Each structure stands twice: as structure tokens, then as C-alpha cells.
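Peer 1: Give me a model of this one.
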Amino acid sequence: MDRHSNSFTLRSIRGAAAIIKPRASQNSTYSTIEEYHRQRADLVAAERALRFDAERIRNATSRETKATEIVDVLREQEAVSIWRADPNKELGMPFLWPRKQSMPKGGLLHVHMDAMCDASYLLKLALEYSIMHVQTTGSLNSSSPYPIPTFKPLTPQEISQAANNALPTSQDYVPGSWVAVQRARDGFPNELGGQEGFDKWIIGALTINAEEAYEKYNTSAKIWEKFESTFTAEDGILRYEPIWRKYVDQLLVSQIEDGISYVELRLSLDSTIPVISEDTTRNLTNSEVMNITISTIEEVSKRMRAQGREKEFVGARAIYTTGRGISYDEMVQALDECLALKEEYPDFLVGFDMVGQEDAGYPLVYFLEALLNFRAEADRRGLDIPFMFHAGETLDDGGEVDGNLYDALLLGSKRVGHGFSLVKHPLLMQKYRENGIAVEVCPISNGILVGDFFIGMLAMLNDLAAIYTLGKYASSSDFTQSRRAGGAIVR
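Peer 2: Below you'll find the predicted structure:
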């Protein structure tokens, strides 16, 4: 019977469980099945009492309990309709996502400002301005991958010179020559998809889709190369004064619509990619960029107050960021500028960070003297400008990149971005807790850029929708969200 009907055997065993005693063994201490279940229930209860969310569960309100029951039902439905169905579906989007989107979330503390709007919105902005032009490293054709486009608002003289340049899809196209974005779109040939084909090309350059993330660019190095190329495509659009204003406005509105009332923007102030003035005659200073950003935030706040929605938006501040791949001297300059901007905008600038692929950049200890001097000078001037380092965003174990977690602690970092390699360091985990260092958990970013959604800190939380655990801040974990085609360009 066992050989021909395993399912029948299992059903028989389950059905008889209430009356069959367990086999004798040196570990059996149960006189009956009921005794086993009682001891098991005691063990489960004792273990759950030690969980970090135990007190929250005990003190849950009736509304929280009801909300959790609703989420549990949705998760059970998705277990059947999503997880056991077509693997190419957008997991969890049809049901849980709208509920999570409408929940109040408090603050978003880990997000990169230049990655917070839809790719389609960026393309729309590029098409709004006739001075916005595009160039590529070669002509486009159906027989080879499309090159990465770059954008720039041209001066009147440059526009005149570019007026008759061949289209990027022409065999006569000269690599690096500028073509008006609208003209390039209008002239995109039908065999390449026409205007829709143009849009697909640009949005594809601005995003990482599922196939690219999990198949085409299937190593951390490959996906980071693709990831950073999206900024190459975006920077020329975003870093034009009127577009910058509209972009900041839109990103704040989108956060408010998602239930986020406070945002800390990691603001990249890189002199190699400046914001160009509206008349295209000069590059704005970083102080001017800060002014523009602050004034736009104030305009959004004013609109919210006029609509009687002031409680939905507390405000936004900035974290000064620079690349971790720059030279030592350039880092010193960036740190000096950060101090100057903190003095000029004491309430707006709230921290300093280094961004970029951690494995490819310099470790924190490389800039140690400059960072210690920065800390000492900030203290001397009475400036509260803490470090908020990206650290531990690596699969490295015991190397200099993994070692950034030690330096983040010793340098007094107030928060740590990602930090998923922290689970390999029991003493550091203890020290981080003792020093109140918050770890900004970024599951979507790690799932795309590292290739493993099951990062250690997420395992500790168990479920991002855990209403008992996070209360009214449920699902407010500090996300950086990877670029997704058709969705927000969030990292």
C-alpha cells in the first residue's frame, strides 16, 4: 500500500494521530499525542514571547488586529494566485501593493533624489523643452544593441549648429552629434517602432527591467554597470534648472500620494555634472541648487496648506552625497563644501554620505584622515552634520569592503545604508544596537543589485507589512528602490 498510495498512508497517519502513541525513543517524553501538542504549544508561546514584536502584539488595538487579519487574507490569496502561478507576474502588485501604498508611513530616510520619478515623466520633461538635445556613441539599427543616449540643453548657438545633423537612426549619423529630442522622436523610423520605439529606447536606458536584472545582467558587477548607465542617460535631462524644479516638485507629490510625510533626499552635488542655468549660459553653484530645491519644497508645502492637507507633508531635508570613487583631494574638497553648505543651510542639510558601488569604490578607511578632520572641524564650528554612510552593501566577507562596517561605527555614523553584511558580525550587531545606529534596510535595491532578496535584516523583520511590529509606520522601511520600467525610477 505504501508503494502504490503514499497519500493514503499519510492521510491514515494523520487521521490516527489522536489515538496512536509515539514510538518509544530516548527523546520521547510524551505520554500521549495531546501531551506532545501541549508541550509544543508551550514552546511556541515561550519563543514568541521573546520576539521583538511580542509587546506590540499583546497591546494591539482592535483596529490593528482587524487590519492584520485583512492583510493575512490577502497574503493567503496571493500565495495561490501569485506565488504558485506564472513566475513572470509582478509579485504582490494587484492586491497588497494598493493597500500598502495608501498606508501612512512617516518618513523615508534612504532615497537618492535623482532616482525618484517615473522614467516616462523624465522623457515627458525632455520633450517639453525644445532646447533639449540627445546624442549617442553610434547610429541605431535593428542588428545591434542600442547605445546609451545622453542629453543636454544647448545654447542658441549650439542649437543653430545642430539643426541639420543627421538623426541617430541614420547611417550618416556622426557619433556624438546633437539632435533635438523631439526631432529625433518624430524621425524614429517605423521599422524601429516609430515614436513608440523611441520612447521604449529612452525609457529602457533609464530603467532596469526584470529580464535585465535577473537574466541579462546576472552578476553584481554587470547589474551595477547597467544601473550606473541609467544615471548617464538621466543626468543631462534632470540637471537643467527648470526641469530640476519640476522634478523636485513631482517627486515630493508622488511621496505624499504614497503616504510619506517626510523625506531625506540624498543630494548628489557633483561638479562634473552641474545643473545648467535656465538660459544655458552658466553652471549653477551648489548653493544655488540648494536654494532652488528648498524653494520648491516650500512651494509644495504652501500648496498642501492651501488644500488643508498640511499634516500629510511635514517637509524634506537633504543629505550631502559624493561618489566613493573620487580621489582623496576631491573628497577633501567635497567635505569642505559640505561644511560651508551646512553653515549656509543649517536646517536643511542633515548629513554626509558616499554613494556608488561599494565594491568598486574606495573603502572608508582610505579617506580616514579627511573624515576625522571633517568631524573635528564640524565640532569646532558647532555644526551638527553626522555621517550616514552606505556600508556593508556587499557580499564581501572579511575584506576591506566588508570592513566599512567597522569604520562606520568608529567614525560615529548615525545611520548605515543597506548594511546587510552586518549579519556576519555578531559583535558589530551588538555595538550598533548599543550605539543606536539605525540600519536603513533596502530590500528592493539589494534584490536587484546584489541578486538576493533574502537579505539578513529583512529576515529579522519577517514581513514588511507587519502592522503589529511597525504600528502606523507599517511598511515605512527606508527603501531605495531599483529602477523599474513602467514604474517609479526609485533606487
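Peer 1: Break this structure down into its domains, please.
Peer 2: Domain assignment for the chain by automatic domain parsing gives 6-72, 130-206.
Peer 1: pLDDT of stretch 439-455, averaged?
Peer 2: The pLDDT scores in stretch 439-455 average 64.
Peer 1: Please enumerate the strands of the stretch 201-350 of the chain.
Peer 2: 260-268, 315-323, 349-355 (DSSP state E, counting those that start in this stretch).
Peer 1: In TSV, list the ones you listed along with mean pLDDT.
Peer 2: Formatted as TSV, the strands of the stretch 201-350 of the chain follow (pLDDT from 0 to 100):
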stretch	mean pLDDT
strand 260-268	93
strand 315-323	96
strand 349-355	96
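Peer 1: can you put the ones you listed in a markdown table and add mean neighbour count and distance to residue 100?
Peer 2: (Glycine included, C-beta is placed from N, CA and C.) As requested, the strands of the stretch 201-350 of the chain are exported to a markdown table (neighbours: other C-beta atoms under 10 Å; distance: least, C-beta to C-beta, whole Å):
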| stretch | mean neighbour count | distance to residue 100 |
| --- | --- | --- |
| strand 260-268 | 21 | 12 |
| strand 315-323 | 22 | 21 |
| strand 349-355 | 23 | 27 |
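Peer 1: Now find how far off-centre stretch 382-392 is within its chain.
Peer 2: Here the centre of mass of C-alpha atoms in stretch 382-392, compared against the chain's by C-alpha atoms, centre = their mean, to the nearest Å, lies 19 Å away.
Peer 1: Residues in contact with it: which ones?
Peer 2: With C-beta atoms under 8 Å, 6 or more residues apart in numbering as the test, stretch 382-392 has contacts from 319, 324, 338-339, 342-343, 346, 349-355, 358, 364, 371, 375, 378, 402, 404-405, 407-408, 411-422.
Peer 1: Sort out which of these are buried, if you could.
Peer 2: Neighbour-count burial (16 or more other C-beta atoms under 10 Å) applied to the contacts of stretch 382-392 gives 319, 324, 338-339, 342, 349-355, 358, 364, 371, 375, 378, 402, 404-405, 407-408, 411, 413-422.
Peer 1: For this protein, give me the ranges with low pLDDT.
Peer 2: 1-30, 79-96, 444, 446-491 (pLDDT under 70).
Peer 1: if you set the cut-off to 50 instead, what comes out?
Peer 2: Within the chain, the ranges that satisfy pLDDT under 50 run 1-27, 452-491.
Peer 1: how close does residue 189 get to residue 171?
Peer 2: Applying C-beta to C-beta, to the nearest Å, the value for residue 189 to residue 171 is 11 Å.
Peer 1: The two: who's more crowded?
Peer 2: residue 189 (15 against 7; other C-beta atoms under 10 Å).
Peer 1: That one: what's it in contact with?
Peer 2: Going by C-beta under 8 Å, 6+ apart, the list of residues near residue 189 reads 169, 197.
Peer 1: now do 10 Å
Peer 2: Each residue near residue 189 by C-beta atoms under 10 Å, 6 or more residues apart in numbering is listed here: 140, 141, 142, 167, 169, 170, 197, 198.
Peer 1: Backbone dihedrals for the fifth one, please?
Peer 2: Torsion angles at residue 169 (phi, psi; degrees, to the nearest 10) stand at phi -90, psi 0.
Peer 1: can you tell me which residues contact it?
Peer 2: Taking C-beta under 10 Å, 6+ apart, one finds 136, 139-142, 146, 179, 184, 187-189, 191-192, 197-198, 201 in contact with residue 169.
Peer 1: run the last query once more with 7 Å
Peer 2: Taking C-beta atoms under 7 Å, 6 or more residues apart in numbering, we find residue 169 in contact with 139, 140, 187, 188, 189, 192.
Peer 1: Put together a markdown table for these, with secondary structure and distance to residue 284 on each row.
Peer 2: Below are the contacts of residue 169 laid out as a markdown table (DSSP: H, G, I helix; E, B strand; the rest coil; distance: C-beta to C-beta, whole Å):
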| residue | secondary structure | distance to residue 284 |
| --- | --- | --- |
| 139 | coil | 33 |
| 140 | coil | 32 |
| 187 | coil | 32 |
| 188 | coil | 32 |
| 189 | coil | 37 |
| 192 | helix | 36 |
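Peer 1: Mark which of those are buried, thanks.
Peer 2: Of the contacts of residue 169, these count as buried by 16+ other C-beta under 10 Å: 139, 140, 187, 188, 192.
Peer 1: Residue 220: which of those is nearest?
Peer 2: residue 140 (28.9 Å; C-beta to C-beta).
Peer 1: Let me know which of the domains of the chain is tucked in deepest.
Peer 2: domain 130-206 (a mean of 17; mean count of other C-beta atoms under 10 Å).
Peer 1: And that domain, how far out from the chain middle?
Peer 2: Remark: domain 130-206 is offset 29 Å from the chain centroid, using C-alpha atoms, centre = their mean.
Peer 1: quick one on the thing from earlier: tell me which of the contacts of residue 189 fall in helices.
Peer 2: Counting by DSSP state H, the part of the contacts of residue 189 found in helices is 197, 198.
Peer 1: Output the contacts of residue 189 in TSV, with distance to residue 275 appended to each entry.
Peer 2: What follows is those, written out as TSV (distance: C-beta to C-beta, whole Å):
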residue	distance to residue 275
140	29
141	34
142	36
167	28
169	30
170	32
197	30
198	26
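Peer 1: which among the contacts of residue 189 gets closest to residue 226?
Peer 2: Nearest member of the contacts of residue 189 to residue 226, counting by C-beta to C-beta, is residue 140, at 18.2 Å.
Peer 1: What are the contacting residues of stretch 404-420?
Peer 2: Here stretch 404-420 has contacts from 109-110, 351, 358, 363-365, 371, 375, 386-393, 421-422, 425, 428, 431-432, 435, 437-440, 442, 446, 455-457, using C-beta under 7 Å, 6+ apart.
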